[in-house]
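[1] My questions are about this predicted structure, shown below with the sequence.
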Amino acid sequence: MIGERCCTYVNGRSEAVLAMNAKDGQFELEEVFRAQYQRIARVIAGVIRDHGRAEELAVEVFLNWSRHPDAHGRGADGWLYRTAVRMALNELRREARRNRYEALFGLLSSHAAKPSPSPEEIRAAKEEEEQVRVVLNSVKPRDAELLLLRMSGLSYDELAETLGINAASIGTLLGRAERAFRKEYVRRYGE
């Protein structure tokens, strides 16, 4: 599991973050890290499919959080999730850019090429994952955030809190995001 070898953790939600001991009105980075690291790393790994890199990016999320005192307190977990999704999407863009440049200059190494042929189901699944990443990278960032956070298991209320949206609007916004995703997917890859 992501993070188990790095630290002990508590699977926490916003109530856990709020209940933590505060020191001089500031939340302790270590306490918030222990409470939220596992989930943040899992959200990132769900997008980029590289658990090692997801752990690195999760640490960056917490370092960024520690530098933004206005993000501490009641909305801390929402800030962390938003930042995690944005960092994951940025990582996808960075990786796509790197692959384009490597292909352009003929530097694509043999280990970065597709693995040797495997059963058809595995190949099809990997191809579809890549197509989903490409489409997520091309839809509006807010739509991608909504879809990724929902896929990560956040409830409508958690989505509303995380993204700073009225909870009554989440269903409509998710529906629009799904339609935009489907439209872009069909435009690029057909039915």
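    Now that the structure is in, tell me what you want to look at. These numbers come from a predicted model, not from an experiment.
[2] Which strands or helices does the helix or strand hosting R98 pack on?
    Element membership for R98, per DSSP states H and E: helix 76-104. With contacts taken as 3 or more Cβ pairs under 8 Å, 6 or more residues apart in numbering; DSSP states H and E, helix 76-104 sits against helix 14-19, helix 29-48, helix 51-66, helix 120-138, helix 141-151, helix 156-163. For the C-beta atoms, the positions are set from N, CA and C on the backbone; glycine is no exception.
[3] Packed most tightly, which of these would that be?
    With neighbours defined as mean count of other Cβ atoms under 10 Å, the helices and strands packed on helix 76-104 peak in mean count at helix 29-48, which reaches a mean of 22.
[4] what about it, distance to the chain center?
    Centre-to-centre, helix 29-48 and its host chain are 10 Å apart (Cα atoms, centre = their mean, to the nearest Å).
[5] Helix 76-104 and that one, what's the angle between them?
    Interaxial angle, helix 29-48 versus helix 76-104 (axes from the mean of the first three to the mean of the last three Cα atoms, to 10 degrees): 40 degrees.
[6] Can you give me every residue that contacts G46?
    The contact partners of G46, by Cβ atoms under 8 Å, 6 or more residues apart in numbering, come to A88, L148, M151, S152.
[7] at 7 Å instead, please
    Shown in contact with G46 (Cβ atoms under 7 Å, 6 or more residues apart in numbering): M151, S152.
[8] Also L92?
    Contacts for L92 (Cβ under 7 Å, 6+ apart) come out as V47, I48, R133, N137.
[9] Model confidence for the nearest residue to the last one once chain neighbours are set aside, exactly?
    Nearest residue to N137, sequence neighbours excluded (Cβ to Cβ, 6 or more residues apart in numbering): L92, at 5.3 Å. Listed pLDDT for L92 reads 86.
[10] Against A76, how distant is L92?
    Distance of L92 to A76, computed by Cβ to Cβ, to the nearest Å: 25 Å.
[11] follow-up on the earlier one: need the least confident one among the helices and strands packed on helix 76-104, by mean pLDDT.
    Looking at those, the weakest mean confidence is helix 14-19, a mean of 42.
[12] So which bits of the helix holding R98 are buried?
    Of the residues in helix 76-104, 76-85, 87-89, 91-92 count as buried by neighbour count, 16 or more other Cβ atoms under 10 Å.
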